[in-house]
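In: just need the structure, nothing else, for what follows:
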Amino acid sequence: MSEIAQLREQIALEMESLRRGLYGVSSGSSRHAFIHARMERIEVCQGALAQHVGPTQACLVVCQLYEAALESDTPTSTETSLSGVTVP
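Out: I've put the predicted structure just below:
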């Protein structure tokens, strides 16, 4: 697997983890810290990806992966009810 593919995969995994953190059972500062850590890891991967494809393309890839992660799977009723977030 190429380094670019590995970076895309790592970003996608971090995005999925971030999505789960948004709808998980934790709350408050622990949730914020978890999400913040995922965003920092994504930022590192985006920087590495930018060295291969340029900053504009790297940003586009991250945005596409972010959108895909948040739209790929609507939170389950358990995730929604436990987090206190109402999903229309």
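
In: name the residue closest to the centre of this protein, please.
Out: Residue closest to the mean C-alpha point of the chain, counted by C-alpha atoms, centre = their mean, is residue 15 at 1.7 Å.

In: packing partners for the helix or strand where residue 65 lies?
Out: For residue 65, the host element (DSSP states H and E) is helix 55-72. With contacts defined as 3 or more C-beta pairs under 8 Å, 6 or more residues apart in numbering; DSSP states H and E, helix 55-72 has these neighbours: helix 3-23, helix 28-53. The C-beta positions use only the backbone N, C-alpha and C, and glycine is treated the same way.

In: one step back: the residue nearest to the centre of the chain and residue 66 touch, don't they?
Out: Yes: counting by C-beta atoms under 8 Å, residue 66 is a contact partner of residue 15 at 5.6 Å.

In: so where's the chain shaky on pLDDT?
Out: For the chain, the stretches with pLDDT under 70 are 24-28, 73-88.

In: please repeat the previous calculation with a cut-off of 90.
Out: In the predicted model of the chain, residues 1, 16-36, 66-88 satisfy pLDDT under 90.

In: need the CA coordinates for the helix holding residue 65. CSV is fine.
Out: Extracted C-alpha coordinates of helix 55-72, given in CSV (Å, rounded to 0.1, in the frame of the first residue of the first chain):
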residue,chain,number,x,y,z
PRO,A,55,-1.9,21.4,0.5
THR,A,56,-5.0,22.1,-1.5
GLN,A,57,-5.5,18.5,-2.6
ALA,A,58,-4.8,17.3,0.9
CYS,A,59,-7.4,19.6,2.3
LEU,A,60,-9.9,18.4,-0.3
VAL,A,61,-9.2,14.8,0.6
VAL,A,62,-9.7,15.4,4.3
CYS,A,63,-13.0,17.3,3.7
GLN,A,64,-14.3,14.4,1.5
LEU,A,65,-13.3,11.9,4.1
TYR,A,66,-14.9,14.0,6.9
GLU,A,67,-18.1,14.2,4.9
ALA,A,68,-18.1,10.5,4.1
ALA,A,69,-17.5,9.6,7.8
LEU,A,70,-20.4,11.7,9.1
GLU,A,71,-22.8,10.7,6.4
SER,A,72,-21.9,7.1,6.1
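
In: fine, thanks again, bye for now.
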